[in-house]
Structures are given as structure tokens and as C-alpha cells.
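Asks: 3D model of this:
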Amino acid sequence: FEIAQSRLGPGRIHHCMRAVGLAARCYELMLQRTLTRQTFGKYLAQHGGCQEMIADSASDIEAARLLTLSCADAIDRLGPQKARDKIAGIKVTVPELTSRVVDRAVQVYGGAGVCQDFPLARALVGLRTLRIADGPDAVHKRTVAGIEIKKAMKQLNFDGMSKL
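Replies: Purely as a prediction, here's the structure:
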């Protein structure tokens, strides 16, 4: 069991790196679509709603990338056991952030975003499956919360709770 657990951290890093790459590809497709498709006499990129989706997506991709990089660094420096909070955190946050990017790309494409002609629908399903395959988000959130509470208790010299 311990050997299997020790291998989960690097595996999650791998899944998150792939998710970031997939979201980045869908983001590129979204940008291409906004620069080639017109509605109401304007390119999609000229509409405020699309501009907001572009800005949000750029931020989400960067956040997911940096969280993954930070986790990989923590595993390298501290080892998987001491980086458990970061590992659990990226397991929840990165698929969520990248799914939002892909969902926005689907939205920009409209009906074409859910057809087989573009990889967006498949990407959305793949990212949602990733969230299920690696265990329930609630379990990973509980891990993060428990570690954070223990850190705070230690920092504040609080011993009022014997068990979380």
C-alpha cells in the first residue's frame, strides 16, 4: 500500500500536466474561432462576452500550470509524503480549472463545440473523467483541509482538538 501511495503523487502530476496541455490546445482553438467567426457583423473576439471568456481562460490555464509546477517542486524538495497537501490540491483544482477553459471553448464554438468535428467535447469528457478516476474531490479536499488545520493548530499552539 505504501509503495502504491508513494507513486500517486508523480502520477497526479502527470495527469495535471496533460490536463494543462489539453486546456491550452482548446484555448488555442477558442482563440482561432474568435478571430475567424463573425456574428452580428463583428468577429467573436470583438464581443465583450468572448473577451471575458478569453481573459478568464488565460488566467485559469496559468493558475493550473503554476499549481502543477509548485506541486512538482514540493515533491522534488520534500518528497511525496510531505507534499500531500499540494498533491491533493492539484488533484481537485487543476481538472476544475482546465475543465472551465474547455467549457468556455465549447461555448465559443456553439453547436460545433459538441460535435465530432472538433476535439472539444472529447476533451471535456476526458477532463471530467479525470476528476472521477482519481477519487472523489471531497476526499482530496478533506486531506487539504486537515493538513491546513494541523498547520494552523501548530502555528497557534492550539491543542483544543485531539482529532480532526
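
Asks: for the helix or strand harbouring E148, which positions count as buried?
Replies: In this structure, E148 is located in helix 137-155 according to DSSP states H and E. Residues D137, H140, T143, V144, I147 are the ones in helix 137-155 that count as buried (16 or more other CB atoms under 10 Å). C-betas here are computed from N, CA, C, even on glycine.

Asks: and what of stretch 45-62?
Replies: A45, H47, C50, M53, I54, S57, D60, I61.

Asks: which pair in those residues spans the largest distance?
Replies: Farthest-apart pair in the buried residues of stretch 45-62 is H47 and I61; separation 20.8 Å (CB to CB).

Asks: ok, back up a step: closest one to G160 out of the buried residues of stretch 45-62, please.
Replies: D60 (37.8 Å).

Asks: which one is that closest one nearest to, not counting chain neighbours?
Replies: Nearest residue to D60, sequence neighbours excluded (CB to CB, 6 or more residues apart in numbering): L97, at 4.4 Å.

Asks: What about the one you found, how many residues nearby?
Replies: Using other CB atoms under 10 Å, the number of residues around L97 comes to 24.

Asks: before we move on, what about R18?
Replies: For R18, the count of nearby residues is 15 (other CB under 10 Å).

Asks: about what we covered before: what average pLDDT does the helix holding E148 get?
Replies: Averaged across helix 137-155, pLDDT comes to 89.

Asks: what's next to that helix, contact-wise?
Replies: R84, D85, A88, G89, K91, V92, E96, R131, F158, D159, M161, L164 (CB atoms under 8 Å, 6 or more residues apart in numbering).

Asks: what sits against the third one?
Replies: Contacts for A88 (CB under 8 Å, 6+ apart) come out as H140, K141, T143, V144, I147.
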